[in-house]
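J.: I need the structure of the sequence given here:
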Amino acid sequence: MNRSLDIQPGTRHNEGALGPYLRAIRAHPLLVAVVTLAAVLASVAWVVIRPTEYEATAQMLVNPLPQEDETFLGLQLLRDSGDPTRTVQTAATLVESSQAATATAKALGDDWTANRVLDDVSVNPEGESNILSITATADDARLATRLADTFAKSSIEARRATLEQQAKVEIDRLEASQSQLADGSDLATRIDQLERVRAIGDPTLALSQPATVPSSSTGTSALVIILLAAIAGFTLGSGAALILELTARRIRDEDEMVGLYALPILARVPILKDRELHHGPGDAWLMPPAVREAFRVLLVQLGERPRDRAKVVMVTSGSPGDGKTTSAINLAASMATGGDKVVLVDFDLRKPDVAANLGIRSAAPVARMLQPDVPVGKYLASAKAIPNLSVLSVRIPAGDTATIEAIIRRMPEIIEEVGKHSDFVVVDTAPLGQISDALRLVGDVDDVIVVTRPGTTNRNDFETMRDLLERSGHTPVGLLVIGDAHTRGGAYYAYGETDNGRQLFAGDVPRPAAPTPRTPR
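T.: From the prediction side, this is the model:
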């Protein structure tokens, strides 16, 4: 069953937000694959060459003095500011000092400097707690641990050295004051506390947990990096494909075609290989079995002709090169093989190719065709290789627009006239997306068939054709798709063929001397 037959003819197909994106990926899979692969390879290279880093963290407890404490007046000790976060941040500033970095570099030796230590060590509050994290980074796990512990101890020692000097000054001052006082008991207690600071260091900071050796390196795992790179590469590749698709002039495939103009696909005509087309000189107009079957399917869907007159079928397209003229000939030939009398009218006035394709050299005289009292039937040329098929073709000098307009105005009468001599009239028109001639005739035909060719049909021309037909209130019966290679016929189509598949009609068929085209390639 044709998957497009359930589409309401003439409506716009809603692809959804992802429709163009998915269509672009299907149209350019190689581009998407190459960009994705390049991103993955780049990520693998980065994983291989990136430096390995380990982090080790020591923790320091912050225990600030009450704001009203007077015991340690004169010492730059950490006091409670009323804002725990601010207090811990102040502590971090005191700990991350140049003195501590210099002492750490000296303890580590080698090429270590104070600046290098400060680059590889960070001191930060841990959440909203009173804990400071001293994190060291190095290319070796044990070195990172040693760096964190050494810096923590050096910070505490640097604070002790600073406070020792401050406490000594304050003790000397208090001892001088005590000798002048009658009761120096409170001062003695205070001096004892200051002596304790000189001995043990800063009472507001203490190492609560030394660093432990890290078991794994830091940073994103290799698997995650490669996965993220694959996603990024796929996104970039798909974006590039979408840009190419949006800027492409040609309609890519059937899905895009139906998305632009939701008409049912009546039949698909395969593109055949050269060996399936050429059978040697002297062949007449032939349709290989697979092509013939496609037009048989098309004929069935057109339905029966009216009893009192000929059925008129217009074949048009959006742009040149879609296979419109060849399809019109194949359609007319398929009708004629059933015993019906068919007239094929070449209404592509600027580029009439029907007669030449069928080996017909004569053309109707233009001057006589413009006279309303002249019977048109006498100017019908027989396609000798195809019984029951006649052709009406006129040749107009290039640039003679006045004559073209006169023929266009006369064409409804001409079609009515030739219909008296036939059961079917097939009208081959100029591409409606570029030339509007067919629009003048669309109200005088029974069915309109739009020939399309994915990869060839111009998107802008196709949309122009659609818009013209919609505004005129006429909906084509459906699409004839040229180039659907996956429907190419197999051996079954050749059942009953004679002469190696060359014979098209029953009986002896005359063959002109010159070979002619069979189907678009």
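J.: give me the neighbour count for I231.
T.: 13 (other Cβ atoms under 10 Å). Using the backbone N, CA and C atoms, a C-beta is placed for each residue, glycine as well.
J.: what do you get for R86?
T.: R86 has 12 neighbours, counted by other Cβ under 10 Å.
J.: try M314
T.: Counted with other Cβ under 10 Å, M314 comes out at 27.
J.: local confidence estimate at it?
T.: Model confidence at M314, given as pLDDT, is 95.
J.: now do H421
T.: On pLDDT, H421 comes in at 79.
J.: that one contacts G377, doesn't it?
T.: Yes: between H421 and G377 there is a contact at 4.8 Å, judged by Cβ atoms under 8 Å.
J.: which of these two has more neighbours?
T.: Taking other Cβ under 10 Å, H421 and G377 do not tie; H421 has more neighbours (17 against 14).
J.: can you confirm that one is in a strand?
T.: No: going by DSSP: H, G, I helix; E, B strand; the rest coil, the assignment for H421 is coil, not a strand.
J.: dump the residue contacts of it.
T.: By Cβ atoms under 8 Å, 6 or more residues apart in numbering, the contact set of H421 is K341, V343, G377, L380, S390.
J.: out of these, which is most surrounded?
T.: Highest neighbour count within the contacts of H421, by other Cβ under 10 Å: V343, with 28 neighbours.
J.: neighbouring strands - and their directions - for the one helix or strand that one maps to?
T.: Secondary structure from DSSP states H and E places V343 in strand 342-347. Note on strand 342-347: by DSSP bridges, its sheet partners are strand 389-392 (parallel), strand 424-429 (parallel).
J.: so which of these gets nearest A267?
T.: The closest of the strands paired with strand 342-347 to A267 is strand 424-429. By Cβ to Cβ, the value is 15.0 Å.
J.: need the residues that contact the following helix or strand past that closest one.
T.: Next helix or strand after strand 424-429 toward the C-terminus (DSSP H and E): strand 447-452. With Cβ under 8 Å, 6+ apart as the test, strand 447-452 has contacts from 251, 257, 261, 263, 266, 298, 302, 311-318, 322-324, 327, 331, 442, 462, 465, 469, 474-482.
J.: out of these, which are inside strands?
T.: Applying DSSP state E to the contacts of strand 447-452, the entries found in strands are 266, 311-317, 478-482.
J.: output these as CSV; include the columns distance to G74.
T.: Shown next, in CSV, are those (distance: Cβ to Cβ, whole Å):
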residue, distance to G74
L266, 100
K311, 114
V312, 112
V313, 109
M314, 106
V315, 105
T316, 101
S317, 98
G478, 99
L479, 95
L480, 100
V481, 95
I482, 98
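J.: now flag whichever of the residues you listed is closest to V224.
T.: Looking across those and measuring by Cβ to Cβ, the closest to V224 is V481, at 45.5 Å.
J.: for the closest one, give me its contacts.
T.: E254, M257, I265, A267, R268, V269, T452, R453, P454.
J.: how near is it to E256?
T.: 12 Å (Cβ to Cβ, to the nearest Å).
J.: tell me, what's touching the two both at once?
T.: P454.
J.: wait, what's in contact with the residue lying closest to A42 once chain neighbours are set aside?
T.: Leaving out its chain neighbours, the residue that sits closest to A42 by Cβ to Cβ, 6 or more residues apart in numbering is A229, at 6.6 Å. With contact set as Cβ under 8 Å, 6+ apart, A229 has these partners: A39, V40, A42, S43.
J.: just give me the closest of those to D373.
T.: A39 (75.3 Å).
J.: skip the chain neighbours and tell me the closest residue to that closest one.
T.: Closest residue to A39 apart from its sequence neighbours, by Cβ to Cβ, 6+ apart: G233 at 2.7 Å.
J.: just say helix, strand or coil for the one you found.
T.: G233 - assigned by three-state DSSP - is helix.
J.: contacting residues around it?
T.: V35, T36, L37, A38, A39, V40.
J.: next: L75.
T.: Counted by Cβ under 8 Å, 6+ apart, L75 has contacts L163, Q166, A167, E170, L194, V197.
J.: one more: R198?
T.: Applying Cβ under 8 Å, 6+ apart, the residues near R198 are L163, E164, A167, K168, I171.
J.: from V391, how far off is A355?
T.: A355 is 6 Å from V391, by Cβ to Cβ.
J.: who touches both of the two?
T.: Common neighbours of A355 and V391, counting by Cβ under 8 Å, 6+ apart, are D346, A381.
J.: higher neighbour count, the two?
T.: Legend: neighbour count by other Cβ under 10 Å for A355 and V391, higher for V391 (27 against 21).
J.: how many other residues sit next to the residue lying closest to D437 once chain neighbours are set aside?
T.: By the measure of Cβ to Cβ, 6+ apart, the closest residue to D437 outside its immediate chain neighbours is A430, 5.0 Å from it. Neighbours of A430 under the rule other Cβ under 10 Å: 21.
J.: which stretches of this protein form strands?
T.: Under DSSP E, the chain gives strands at 54-62, 121-125, 131-138, 205-209, 265-269, 311-317, 342-347, 381-382, 389-392, 424-429, 447-452, 478-482.
J.: quickly, which of these bottoms out on average pLDDT?
T.: strand 381-382 has the lowest average pLDDT among those, namely a mean of 87.
J.: and that one, how far out from the chain's middle?
T.: 52 Å (Cα atoms, centre = their mean, to the nearest Å).
J.: can you list the strands that it pairs with?
T.: Sheet pairing of strand 381-382 (DSSP bridges) gives strand 389-392 (antiparallel).
J.: with just CA atoms, put the strand it pairs with into CSV.
T.: Taking Å, rounded to 0.1, in the frame of the first residue of the first chain, the C-alpha atoms of strand 389-392 are listed here in CSV:
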residue,chain,number,x,y,z
LEU,A,389,-1.2,7.3,-30.2
SER,A,390,-1.3,10.7,-32.0
VAL,A,391,0.8,13.8,-31.3
LEU,A,392,-0.1,17.4,-31.6
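J.: for it, which outside residues touch it?
T.: 332-333, 336, 341-346, 354-355, 358, 360, 364, 376, 379-383, 414, 418, 421-422.
J.: so which of the ones in strands among the contacts of strand 447-452 wins on neighbours?
T.: Ranking the ones in strands among the contacts of strand 447-452 using other Cβ under 10 Å puts S317 first, with 33 neighbours.
J.: T325 versus that residue, what's the distance?
T.: Noted for S317: a distance of 9 Å to T325, by Cβ to Cβ.
J.: over to L432?
T.: 14 Å.
J.: G399 now?
T.: 21 Å.
J.: neighbour-wise, which of the two wins?
T.: T325 (25 against 9).
J.: so how far is R250 from that one?
T.: Distance from T325 to R250, counting by Cβ to Cβ: 19 Å.
J.: could you do A161 as well?
T.: Counting by Cβ to Cβ, the gap from A161 to R250 is 80 Å.
J.: which one is E416 nearest to, not counting chain neighbours?
T.: Nearest to E416 is D444, by Cβ to Cβ, 6+ apart, at 7.9 Å.
J.: coming back round to it: which one of the strands paired with strand 342-347 is the most hemmed in?
T.: Here the criterion is mean neighbour count by mean count of other Cβ atoms under 10 Å, and of the strands paired with strand 342-347 the winner is strand 424-429, at a mean of 28.
J.: could I get the CA-only coordinates of it as PDB?
T.: What follows is strand 424-429 as a C-alpha-only set of coordinates in PDB (Å, rounded to 0.1, in the frame of the first residue of the first chain):
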ATOM      1  CA  PHE A 424      -7.700  10.300 -23.600                       C
ATOM      2  CA  VAL A 425      -5.800  13.500 -24.000                       C
ATOM      3  CA  VAL A 426      -2.400  13.900 -22.300                       C
ATOM      4  CA  VAL A 427      -1.100  17.400 -22.100                       C
ATOM      5  CA  ASP A 428       2.700  18.000 -21.600                       C
ATOM      6  CA  THR A 429       3.200  21.500 -20.200                       C
END
